[in-house]
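Colleague: build the 3D model from these lines:
(one chain, ligands or ions: 1)
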Amino acid sequence: MTPREACRLFRHRWFVVSGDWTPKSTGHPLTQRCDRCDTEKREVIGVHTGQREGSPRYIYPPEYHYSRDEVPTGDELRLMWIREQVSQLRKDRKRA
Ligand SMILES: [Zn+2]
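Modeller: Numbering: from 1, shown residues only. Model (predicted):
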């Protein structure tokens, strides 16, 4: 299972990083990056309100997006995950 497949199935694993961008407003920039697929999420937080200003902006790594006819369904992703778990279990058993 690739990082982008895992993130589609389990959602991104965000952690806060220091960003290198400047918001257009007076709000404070909040930058998070996914440590699995490297997608970056940029938000602007109102300094006095704590509210998000507008919608987050996502910056995806190259090749993150699927073409329309190859988007895996939730069932397909869960099947991939199950098969990986099973084959890992078999490997572990052989080693034991
Ligand atoms: Zn991710």
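
Colleague: quick one: the helices in the protein?
Modeller: Using DSSP state H, the helices of the chain run over 3-10, 74-95.

Colleague: let me know which of these is tucked in deepest.
Modeller: Most buried of the helices of the chain, by mean neighbour count (mean count of other CB atoms under 10 Å): helix 3-10, with a mean of 17. Glycine gets a C-beta too; all of them are placed from N, C-alpha and C.

Colleague: related to what we said a few turns ago, tell me which of the helices of the chain lies nearest to the ion.
Modeller: Smallest distance to the ion across the helices of the chain (CB to the ion): 3.3 Å, for helix 3-10.

Colleague: now for the closest one, which elements pack on it?
Modeller: Contacts defined by 3 or more CB pairs under 8 Å, 6 or more residues apart in numbering; DSSP states H and E place helix 3-10 against helix 74-95.

Colleague: ok, and the closest non-adjacent residue to the most centrally placed residue in the chain?
Modeller: For the chain, the residue sitting closest to the mean C-alpha position, by CA atoms, centre = their mean, is residue 12 at 2.9 Å. Distances taken as CB to CB, 6 or more residues apart in numbering place residue 34 nearest to residue 12, at 3.9 Å, with adjacent residues excluded.

Colleague: sweet, I'm off.
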